[in-house]
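Colleague: have a look at this prediction, sequence included:
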Amino acid sequence: MGGEGITKKTMMKILVTGGGGFLGQALCAALKKRGYEVTSFQRTFYPALEDMGVRQILGDLADRQAVIEACKNQDAIFHNAAKAGAWGSYQSYYDANVTGTDNVLAACREHGIRKLVYTSTPSVTHAGRTPVEGGNEINTAYGENFKAPYPATKTIAEKNVIAANSLTLATVSLRPRLIWGPGDTQLLPRLVERAKAGRLKFIAGGVNKMDTTYIDNVVYAHLQAFDHLDIGSACAGKAYFISNGEPRPVHETVNALLKAADAPQVTGSIPYGVACAAGTILEAMWHVLPLKGEPPMTRFLAEQLSTPHWYDISAAKRDFDYVPQVTTEEGLKRLQKWWQSRGDKRE
C-alpha cells in the first residue's frame, strides 16, 4: 500500500503556469523535490528551470490552443501566471488574467484534469480607503470600481475559477499578501534602488498595518491546499487569505526589508492627499506622453500603501492545515543571508 502511494506521487505530472517567476520557480522547486514530473508554461525560457529539470513550454496564456496543448497529459495545474503591477492597458491585463485563466479552465475540462490551484491576490477585495483589519473570507467582499486593471481583472478571474468548481474539477483560490524572500528580483531590488536614491517615502507615516507572506509560506500554502483539494473537499470552490499572520506597520516592514539588504532606512513621509494628487497627475502624464515603465505613484498605490490591510487566515488552517512555517524574523535573517550571497549579482 505504501509503495503504491509513493509510485503514484512520483509519477504525478504537474503543470505550473508562470514557472519562471519568483513564486513560480519556488513552486517548481518544491514540486520537483516531491518527485513530481513538472512542466512550466511561460513566455520566456529560464535557465534556472532547466537546471531544476523542469520541462518548459513557451507560449502565451491568451492563446487557447497553446494552453490546451500544454495541459495535455497533466494530472493537476498550479495556475500562478498573471500580469501584475499598477500600470498598463486594461486589455493587456484582461488578456493575461481573465482570458488566460479561462483558457486554463477550458484545458482542465478538455483533458479531464481533476485539480486546479489558482494564485489570486487579496487585492480582489480592495475597497479604496476602507480599512480591512482582521477581515475573513466571509465578511470581506469583492471590491468594486477599482482604480487599476490588475485587481479588476484578478477579481473576474478568481470568480471564474470558483465558479468552475464542479463534480469533475476541484478548484481552490489562494490570496497571498505581498510575497517576499530569497529569490525576489522585483520588490526588494526596487525598494533598495529607491531608498538609495532618496526617492522612497511613506504615505501618512506608514503607520497602517499590512500583512506580508514569506515565500516559503506561500509555497507551503499551495502544497497544503493541493494535498487537501479534491472533488467535494472542504476547500473546493473556495478562496483563502494567506499570510505570515503577523501584520505590521508599513514603515516597520519596509525598513526591515531594507535593513536585510543593507540599504538606507526611510524616515520621510507625505500626506495621503499629496500622494493621491501626485498619482492622478502622473497617471495623466503617462497616458498622454510616451513615457516608459510605470508611474512612481498611482491612485491605487496611494490607497494600498496608506490603508490598513490585514486578514484572518484561520479558514486556511481549518480547511487545509495551513500554518506559517517561517516567522517574519526568521525570514528576514534568511533574506539577509541570500542578499549578501549575491554580491555583484544584485545589480
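Modeller: All right, it came through fine.
Colleague: doesn't Asn139 lie inside a strand?
Modeller: No: applying DSSP: H, G, I helix; E, B strand; the rest coil, one finds Asn139 to be coil, outside a strand.
Colleague: how about it, phi and psi?
Modeller: Backbone dihedrals for Asn139, given as degrees, to the nearest 10, come out at phi -90, psi 0.
Colleague: show me the contacts for it.
Modeller: Contacts for Asn139 were tallied using CB atoms under 8 Å, 6 or more residues apart in numbering; there are none. Quick note: C-beta positions are derived from backbone N, CA and C, even for glycine.
Colleague: residues near Ser306, how many?
Modeller: 21 (other CB atoms under 10 Å).
Colleague: beta partners of the residue nearest to it when sequence neighbours are not counted?
Modeller: In space, and not counting its chain neighbours, Ser306 is closest to Ile203: 4.1 Å by CB to CB, 6 or more residues apart in numbering. Taking DSSP bridges as the rule, Ile203 bridges to Ile270.
Colleague: residue contacts, Ile203?
Modeller: Here Ile203 is in contact with 269-272, 275, 302, 305-306 (CB under 8 Å, 6+ apart).
Colleague: worst-scoring helix or strand of the chain, pLDDT-wise?
Modeller: helix 2-11 (a mean of 46; mean pLDDT, DSSP states H and E).
Colleague: just say helix, strand or coil for Leu291.
Modeller: Bear in mind the rule, three-state DSSP; under it Leu291 is coil.
Colleague: give the contact list for it.
Modeller: Contacts of Leu291 by CB under 8 Å, 6+ apart are Met285.
Colleague: quickly note the distance from it to Leu174.
Modeller: 34 Å (CB to CB, to the nearest Å).
Colleague: centre of the chain to stretch 159-171, how far?
Modeller: The chain centroid and the centroid of stretch 159-171 are separated by 20 Å, computed with CA atoms, centre = their mean, to the nearest Å.
Colleague: now it: buried residues?
Modeller: For stretch 159-171, burial by neighbour count (16 or more other CB atoms under 10 Å) applies to 159-162, 164-165, 169-171.
Colleague: try stretch 29-39
Modeller: 29-32, 36-39.
Colleague: likewise for stretch 191-210?
Modeller: 191-192, 194-195, 200, 202-204, 206, 208-210.
Colleague: can you check stretch 217-229 too?
Modeller: 217-226, 228-229.
Colleague: among those residues, which lie within helices?
Modeller: Counting by DSSP state H, these place 217-226, 228 in helices.
Colleague: pick the one among the residues you listed closest to Asn255.
Modeller: Of all these, Asn217 has the smallest distance to Asn255: 21.0 Å, by CB to CB.
Colleague: what separation do you get for that closest one and Glu330?
Modeller: Asn217 is 11 Å from Glu330, by CB to CB.
Colleague: list the contacts for the nearest residue to Thr125 once chain neighbours are set aside?
Modeller: Nearest non-adjacent residue to Thr125, counting by CB to CB, 6+ apart: Thr140, 4.8 Å away. By CB under 8 Å, 6+ apart, Thr140 lies in contact with 125, 132, 241, 311.
Colleague: near Ala141, how many other residues are there?
Modeller: Using other CB under 10 Å: Ala141 sits among 11 other residues.
Colleague: ok, the closest residue to it other than its chain neighbours - contacts?
Modeller: Excluding the flanking residues, the one nearest Ala141 by CB to CB, 6+ apart is Thr125, at 6.7 Å. Residues in contact with Thr125, defined by CB under 8 Å, 6+ apart, are 132, 135, 140-143.
Colleague: go through those and say which is closest to Arg248.
Modeller: Among the contacts of Thr125, and counting by CB to CB, the member closest to Arg248 is Val132, at 15.0 Å.
Colleague: now that closest one: how far from His251?
Modeller: For Val132, the distance to His251 - CB to CB - is 19 Å.
Colleague: would you state the helices of the stretch 151-300 of the chain in chain order?
Modeller: 187-196, 215-228, 250-260, 272-288, 299-306 (DSSP state H, counting those that start in this stretch).
Colleague: save those as a markdown table, and put in mean pLDDT too.
Modeller: Converted to a markdown table, the helices of the stretch 151-300 of the chain look like this (pLDDT from 0 to 100):
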| stretch | mean pLDDT |
| --- | --- |
| helix 187-196 | 91 |
| helix 215-228 | 98 |
| helix 250-260 | 96 |
| helix 272-288 | 82 |
| helix 299-306 | 81 |
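Colleague: so which of those gets nearest Gln340?
Modeller: Closest to Gln340 of these, according to CB to CB: helix 250-260, at 9.1 Å.
Colleague: could I get the buried residue list for the closest one?
Modeller: Those would be 250-251, 253-258, 260, for helix 250-260 by 16+ other CB under 10 Å.
Colleague: hang on, the earlier thing: would you check which pair of the buried residues of stretch 159-171 lies furthest apart?
Modeller: Top of the distance list for these (CB to CB): Lys159 and Ala170, 16.7 Å.
Colleague: got a list of what the nearest residue to Ser92 once chain neighbours are set aside touches?
Modeller: Counting by CB to CB, 6+ apart, the nearest residue to Ser92 once its immediate chain neighbours are dropped is Lys83, at 6.3 Å. Contacts for Lys83 were tallied using CB under 8 Å, 6+ apart; they are 92-93, 95-97, 150, 153.
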